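In: got a sequence here, can you build the structure:
(chains A, B and C)
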Amino acid sequence: MPELPEVETVRRGAEPHLCGRTLCKVELRRDDLRWPIPRKLVMGLVNRRCTAVERRSKYLLLRFDGPAAPAAIVHLGMSGRLFIDSLQTHDVRPEWRLHEHWRMDFGERLLRLVDPRRFGALDVSNSDALSEHKLLRGLGQEPLEQGFSGGFLQKISRQRKLSVKSLLMDGRLLVGVGNIYASEACFRASVRPRRSAGSLTFAECDALADAVRAVLTSAIAHGGTSFRDYVGVHEDQGFFARELQVYEREGEPCRRCNARIKRTTDGARSTYWCAGCQR
DNA sequence: CAACCCACCTGACTGC
DNA sequence: TGCAGTCAGGTGGGTT
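Out: Numbering: from 1, shown residues only, chains lettered A, B, ... in the order given. Got it, this is the predicted structure:
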């Protein structure tokens, strides 16, 4: 799935198409993705104008005007993709794709969700309850906003025995960093991903914060990482895959020290790192 | 609490 | 060609 850079890429792609347009029809082909979809609340968005497309962590928030200013909360899970078709209001709508689960019709734009594995989510919340929504409440620091720094990482890592990679991926502490970018950030900071978080020096925390910011910023600038099934809203590819230093490069030479990249697994998830230049 | 581990689901790929 | 096994970008919930 999309990690922060992919979701942000989708957000930037969707915003100019949806903002200011009125939702004229919603179709749900099933009543649940990872969780039940509140059909009546979703239908309640019809005839309202989209006022903003925002992102919090890996969630997209489609804001609407009108009473209580509701927002659709969209998560893409592991395999979710959003597409936007441009068409005329009177045009016949396209056939449903395989694994297309819902679409929001904005007249001249059609927003479609395709998610084969159905780990994604769709919910609706009023704006004054949004920050306390079950899925959003308790989310950690945004890595590209004020407050993220070496000092922050230092603070959350003290006395912690979990691995540095697990720390970076714990959404209650820090959001947006998933399995790809956690490995990539550790590589950039020259820190072994399996080190205990509590063992990080202040200098390493600083380097790691810089690395997280840099890798996410660069990935956004490249339109995200797409290999396998992720693409942006217009099926345009992201080009960060070729910038990856360790992810899915097991056995290949490190671009910094030429040692072979290693892969280890924690649970069912792979971690990639270089024993030659990460300490 | 903290730190694991698993399930949820489909599809792509590998090796026999 | 077919089939079984493995793995994939997330994350809430259960167990230790």
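In: for the closest residue to A:Leu4 other than its chain neighbours, helix, strand, or coil?
Out: Among residues not flanking A:Leu4 along the chain, A:Gly176 sits closest, at 3.0 Å (C-beta to C-beta, 6 or more residues apart in numbering). Just so you know, the C-beta spots here come from the backbone N, C-alpha and C atoms, and that holds for glycine as well. Following DSSP: H, G, I helix; E, B strand; the rest coil, we place A:Gly176 in the coil state.
In: tell me the contacts of A:Pro94?
Out: A:Pro94 makes contact with A:Asp85, A:Leu110 under the criterion C-beta atoms under 8 Å, 6 or more residues apart in numbering.
In: tell me the pLDDT at it?
Out: With respect to pLDDT, A:Pro94 scores 96.
In: same question for A:Phe239.
Out: A:Phe239 is given a pLDDT of 85.
In: bridged to it, which residues?
Out: Beta-bridge pairing for A:Phe239 (DSSP bridges): A:Thr225.
In: hang on, isn't it packed against A:Ala219?
Out: No - contact criterion C-beta atoms under 8 Å: A:Phe239 and A:Ala219 do not qualify, at 9.5 Å.
In: neighbour count winner among these two?
Out: A:Ala219 (26 against 14; other C-beta atoms under 10 Å).
In: is the more buried one in contact with A:Thr225, as I believe?
Out: Yes - checked against C-beta under 8 Å, the pair A:Ala219 and A:Thr225 is within contact range at 6.1 Å.
In: any shared contact partners between those two?
Out: Counting by C-beta under 8 Å, 6+ apart, the residues touching both A:Ala219 and A:Thr225 are A:Glu3, A:Pro5, A:Glu6, A:Gly238, A:Phe240.
In: residues from the stretch 151-279 of chain A in reach of DNA strand B?
Out: Contact residues (C-beta under 7 Å from any atom of the strand) of the stretch 151-279 of chain A with DNA strand B: A:Arg160, A:Lys161, A:Leu162, A:Ser163, A:Ser166, A:Asp266, A:Gly267, A:Ala268.
In: do I have it right that A:Pro70 meets A:Thr51?
Out: No - with contact defined as C-beta under 8 Å, A:Pro70 does not count as touching A:Thr51 (10.5 Å).
In: overlap in contacts of the two?
Out: Here A:Pro70 and A:Thr51 share the contacting residues A:Phe64, scored by C-beta under 8 Å, 6+ apart.
In: those two: who's more crowded?
Out: Using other C-beta under 10 Å as the criterion, A:Pro70 and A:Thr51 rank with A:Pro70 on top: 22 against 17.
In: specify the beta-bridge partners of the more buried one.
Out: A:Asn126.
In: who's in contact with it?
Out: By C-beta under 8 Å, 6+ apart, the contact set of A:Pro70 is A:Leu41, A:Gly44, A:Leu45, A:Arg48, A:Phe64, A:Val124, A:Ser125, A:Asn126, A:Ser127.
In: how many residues are close by the last one?
Out: Using other C-beta under 10 Å, the number of residues around A:Ser127 comes to 14.
In: next one: the second one
Out: Look at A:Gly44: counted by other C-beta under 10 Å, it has 17 neighbours.
In: for it, give me its contacts.
Out: A:Pro70, A:Val124.
In: any idea how far it is from DNA strand C?
Out: According to C-beta to the nearest atom of the strand, to the nearest Å, A:Gly44 stands 24 Å off from DNA strand C.
In: go on, the fourth one?
Out: When distance is defined by C-beta to the nearest atom of the strand, A:Arg48 is 26 Å away from DNA strand C.
In: these two touch, right, that residue and A:Gly20?
Out: No - using C-beta under 8 Å, A:Arg48 makes no contact with A:Gly20, being 11.8 Å away.
In: now the strands: where do they sit in the stretch 51-200 of chain A?
Out: A:59-64, A:70-75, A:81-86, A:100-105, A:109-114, A:121-126 (DSSP state E, counting those that start in this stretch).
In: filter the contacts of A:Pro70 to the buried ones?
Out: Among those, those classed as buried by 16 or more other C-beta atoms under 10 Å are A:Gly44, A:Leu45, A:Arg48, A:Phe64, A:Val124, A:Ser125.
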